[in-house]
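Engineer: here is my input; please provide its structure:
(2 chains)
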Amino acid sequence: MKNRLKVLRAERDWTQAELARRLEVSRQTVNAVETGKYDPSLPLAFKIAQTFGQPIEAIFHPDGQGE
Amino acid sequence: MTKTLRRPFLEHCDNPRDVRNALRLVGYFLGWAVVYTGASQLIKRELVPAGPISWFLAVLATLAGVVVIIAYARFLRQADELQRTIQLQALAIAFGGTFFGIAAYEVFERIGAPRLDIGDVSLAMAFLYTITVLANTWRYR
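Structural biologist: A predicted model of the protein is given here:
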């Protein structure tokens, strides 16, 4: 699964640590999600969407679909 | 705690709560190691008389193990979801690897390989668990 986490984070000038603090996860988790090494659980995906004020489908895309 | 010490062993620990959780677990584990080794050596070297005191030490070592299991369960509850995934994979590899390893070695024993000691099995399990945690921490770094 691909995502726009890095772009959205950069737009807000947040570090990975800052986003991790807001999501109450580790920086390692934010990095793994950003780089596509780890797909977040549905609750975490909802939390990410809530944090950025966007619907989940605007942030996460299945592989092979547009970003 | 220095950055050097944090990586890779405490890579997932970005905040004081995570560091506390991880260090608490390490503390309980070291406590168990001291109690287990102490009780085991006292009984093995016959430094305590056989009977109630030996039994007390054996029960104490067992209870120390139960405390570590409870501490580990607590650690998992408080860990974030990626860390839980890493731990689950490590437990699966350690359990599966040891189980099938023992099964395979049993066949070798029948054709003359030396008999396996239960201590070796525990070591193999701990080794597989540690390697998998380190490998996955590196993978998701």
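
Engineer: all contacts plus neighbour counts: C-alpha atoms, from now on.
Structural biologist: OK.

Engineer: pLDDT at the residue of chain B most remote from its centre, what is it?
Structural biologist: The centre of chain B is farthest from one residue, residue B:111, which by Cα atoms, centre = their mean lies 31.3 Å away. On the pLDDT scale, residue B:111 is placed at 93.

Engineer: now do the phi/psi pair for it.
Structural biologist: Torsion angles at residue B:111 (phi, psi; degrees, to the nearest 10) stand at phi -110, psi 20.

Engineer: okay, now the unreliable bits of chain B?
Structural biologist: B:1-15 (pLDDT under 70).

Engineer: all strands of it, in order?
Structural biologist: Ranges of strands in chain B, per DSSP state E: none exist.

Engineer: helices of that one, residue ranges please.
Structural biologist: Using DSSP state H, the helices of chain B run over B:3-6, B:16-44, B:52-78, B:81-110, B:118-139.

Engineer: returning to that earlier point: for the residue farthest from the centre of chain B, give its distance to residue B:53.
Structural biologist: 41 Å (Cα to Cα, to the nearest Å).

Engineer: and residue B:20, by the same measure?
Structural biologist: Distance from residue B:20 to residue B:53, by Cα to Cα: 35 Å.

Engineer: what of residue A:20?
Structural biologist: Between residue A:20 and residue B:53 the distance, using Cα to Cα, works out to 51 Å.

Engineer: which one's more surrounded, these two?
Structural biologist: The neighbour count for residue A:20 versus residue B:53, taken as other Cα atoms under 10 Å in any protein chain shown, is higher for residue A:20 (20 against 12).

Engineer: so who does the more buried one touch?
Structural biologist: Neighbour list for residue A:20: A:26, A:27, A:29, A:30 [criterion: Cα atoms under 8 Å, 6 or more residues apart in numbering or on different chains].

Engineer: can the longest helix anywhere in chain A be found next to chain B?
Structural biologist: Using DSSP H, we find that the single longest helix of chain A is helix A:42-52. No. Using Cα under 8 Å from any Cα of the partner chain, helix A:42-52 never reaches chain B; the gap is at least 8.7 Å.

Engineer: now do the following helix or strand past that helix, average pLDDT.
Structural biologist: Next helix or strand after helix A:42-52 toward the C-terminus (DSSP states H and E): helix A:56-59. On average, the pLDDT along helix A:56-59 is 94.

Engineer: which helices and strands sit right next to the helix or strand just after helix A:56-59?
Structural biologist: The helix or strand immediately downstream of helix A:56-59 is strand A:60-61, counting by DSSP H and E. Under the contact criterion of 3 or more Cα pairs under 8 Å, 6 or more residues apart in numbering or on different chains; DSSP states H and E, strand A:60-61 touches strand A:2-3.

Engineer: each with direction, which strands does the strand it packs on pair with?
Structural biologist: When sheet partners are counted by DSSP bridges, strand A:2-3 sits next to strand A:60-61 (antiparallel).

Engineer: go ahead and name everything in contact with the partner strand.
Structural biologist: If you take Cα under 8 Å, 6+ apart as the criterion, strand A:60-61 is touched by A:1, A:2, A:3, A:4, A:67.
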